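Engineer: just coords:
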């Protein structure tokens, strides 16, 4: 449980909504249980994989949604399967869950697969060409002094 309230900041600031939402979400995530367990792996220079342990869930019971730099994975068991048999001991959790991940800018979901009770979500960071750093060549001129740039627009107008 958090001991601070961000409500006055929402009323008195403009344009900082995302920052306060991240603070709210961080505080909520700290109190959230660790179900289902997950791994985040770096599989390449700009490639990542999130692996979530979803034993007992079928692909139709899972949903993956990517929206506004947030990846949300939900799992919900159908009520029919739970009522089929009397369970004497439940060691495999089959409760509904929702797990959200904050994605960096330009990170997109490329693939999702379910194998051996593990949901693998592959992510790729694709930076647009305009945002990539570019190398500027440095030329060496024979002149020792600074170059004078002339404006030819006055001559062209006359």
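Structural biologist: Now that the structure is in, tell me what you want to look at. Quick caveat, the model's predicted, so the values are computed rather than measured.
Engineer: who's in contact with stretch 58-76?
Structural biologist: Under the criterion CB atoms under 8 Å, 6 or more residues apart in numbering, residues 36, 50, 52, 54, 57, 77-78, 96-105, 107-109, 112, 114, 119, 121, 123 lie in contact with stretch 58-76. C-beta: built from backbone N, CA, C; applies to glycine.
Engineer: now the buried members of these.
Structural biologist: With neighbours counted by 16 or more other CB atoms under 10 Å, these contain buried members at 36, 50, 52, 54, 57, 97, 99, 101, 103, 107, 119, 121, 123.
Engineer: quick one: terminal-to-terminal distance for stretch 66-75?
Structural biologist: Using CA to CA, to the nearest Å, the end-to-end distance of stretch 66-75 comes to 15 Å.
Engineer: and what of stretch 78-88?
Structural biologist: The separation between the terminal residues of stretch 78-88, taken as CA to CA, is 20 Å.
Engineer: now do stretch 55-73
Structural biologist: Between the opening and closing residues of stretch 55-73 lies a distance of 14 Å (CA to CA).
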